[in-house]
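Colleague: coords below, sequence missing:
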């Protein structure tokens with residue numbers, strides 16, 4: 001054992017020998033690293049591709065997606081690498097994905113990123129209503145898509161010329177509709193307020209859908225300028241429930257008032 005130790009010390013004491021060993025070790029390391037890089041560059045990777053042409057705003061289903069193997073060197077950074085990252089997403093609204101094409105991150109989007117996403121998910125027979133709001137009426141931008149709100153109505157009795165009219169100057173305030181689901185919150189340019197938090201977009205409109213009879217009632221309420229009417233959204237905790245309540249009219253008295261000072265027509269207001 002001592003002879004081996006002595007021999008090893010002499011071997012390591014020889015500078016030429018140590019240099020040669022170091023060079024050989026470096027060559028081995030470089031060779032291993034080079035081979036690893038070659039394997040990384042040439043070993044095929046499985047990626048998803050389109051089995052058929054996919055039109056703009058179309059939901060990408062499993063039967064539209066196949067898998068193929070391509071060398072990593074052919075892939076750009078934005079190529080989607082996993083089939084699971086494509087299925088149930090949507091093709092961007094301004095893009096056709098050709099048959100046989102790989103999927104790119106820039107053309108595969110979530111449903112709420114589509115400009116027309118709000119027309120894809122509300123009950124048949126409902127009508128979209130755009131309600132003008134601001135940072136104050138949205139409680140410092142605290143109303144989000146998917147939240148539920150109640151709509152409160154305010155009107156001032158000031159249209160009578162009779163000074164003895166007991167209603168002159170009185171204010172009517174009450175809840176008109178409840179359990180209204182917010183579909184979108186848009187800024188003055190129609191952009192999703194929450195699509196990019198860093199932009200600090202200011203809300204300008206809430207978009208929701210209501211039955212046609214309620215839509216007409218809301219439009220009538222908005223036209224009652226002589227009564228200084230206002231519609232105000234009030235957020236609720238309804239969205240936290242497992243089964244949120246149905247949208248419904250809260251006050252027949254307010255409904256009757258609105259209808260009493262407007263004229264019914266067969267068409268939209």
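Modeller: Happy to help now that I have it. In this text, all values refer to a predicted model and were calculated from it rather than measured experimentally. Numbers count the residues shown, from 1 in each chain.

Colleague: which residues of this structure fall in helices?
Modeller: For the chain, helices defined by DSSP state H occupy the ranges 2-13, 15-42, 212-223, 252-260.

Colleague: show the average pLDDT along stretch 256-266.
Modeller: Throughout stretch 256-266, pLDDT has a mean value of 80.

Colleague: so where's the stretch 151-269 of the chain shaky on pLDDT?
Modeller: 158-168, 196-197, 264-269 (pLDDT under 70).

Colleague: which residue ranges of it form strands?
Modeller: Here the stretch 151-269 of the chain has its strands, by DSSP state E, counting those that start in this stretch, at 171-186, 205-211, 230-235, 248-249.

Colleague: which helices and strands does the shortest one pack with?
Modeller: Spelled out, it's strand 248-249. Counting contacts by 3 or more Cβ pairs under 8 Å, 6 or more residues apart in numbering; DSSP states H and E, strand 248-249 packs against strand 171-186. For glycine as for every other residue, the C-beta is placed from the backbone atoms N, C-alpha and C.

Colleague: give me the angle between the strand it packs on and helix 212-223.
Modeller: On the basis of axes from the mean of the first three to the mean of the last three Cα atoms, to 10 degrees, strand 171-186 is oriented at 110 degrees to helix 212-223.

Colleague: check which residues of strand 171-186 are buried.
Modeller: Buried residues in strand 171-186, counting neighbours by 16 or more other Cβ atoms under 10 Å, are found at 172, 176, 177, 178, 179, 180, 181, 182, 183, 184, 185, 186.

Colleague: one more: stretch 191-207?
Modeller: Within stretch 191-207, the residues that qualify as buried by neighbour count (16+ other Cβ under 10 Å) are 192, 193, 194, 201, 203, 204, 205, 206, 207.

Colleague: please state the offset of that stretch from the chain centre?
Modeller: 11 Å (Cα atoms, centre = their mean, to the nearest Å).

Colleague: in this structure residue 170 contacts residue 154, no?
Modeller: No. Here residue 170 does not reach residue 154: they are 11.4 Å apart, not a contact under Cβ atoms under 8 Å.

Colleague: comparing these two, which shows the higher neighbour count?
Modeller: Higher neighbour count among residue 170 and residue 154: residue 154, with 17 against 11, using other Cβ atoms under 10 Å.

Colleague: show me the beta-bridge partners of that one.
Modeller: In this entry, residue 154 is beta-bridged to residue 173, residue 230, by DSSP bridges.

Colleague: for the one residue sitting closest to the centre of the chain, give me the pLDDT.
Modeller: Closest residue to the average C-alpha location of the chain: residue 112 at 3.6 Å, with Cα atoms, centre = their mean. pLDDT for residue 112: 73.

Colleague: pretty sure it contacts residue 193?
Modeller: No. Between residue 112 and residue 193 there is no contact, the gap being 11.8 Å when judged by Cβ under 8 Å.

Colleague: including distance to residue 49, could the buried residues of stretch 191-207 go into TSV?
Modeller: As requested, the buried residues of stretch 191-207 are exported to TSV (distance: Cβ to Cβ, whole Å):
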residue	distance to residue 49
192	30
193	35
194	32
201	36
203	40
204	41
205	39
206	40
207	36
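
Colleague: for these, which one is nearest residue 237?
Modeller: residue 206 (17.5 Å; Cβ to Cβ).

Colleague: who's in contact with the closest residue to the closest one other than its chain neighbours?
Modeller: For residue 206, ignoring the flanking residues on the chain, the nearest one in space by Cβ to Cβ, 6 or more residues apart in numbering is residue 131 at 4.6 Å. By Cβ atoms under 8 Å, 6 or more residues apart in numbering, the contact set of residue 131 is 205, 206, 207, 208, 218, 231, 233.
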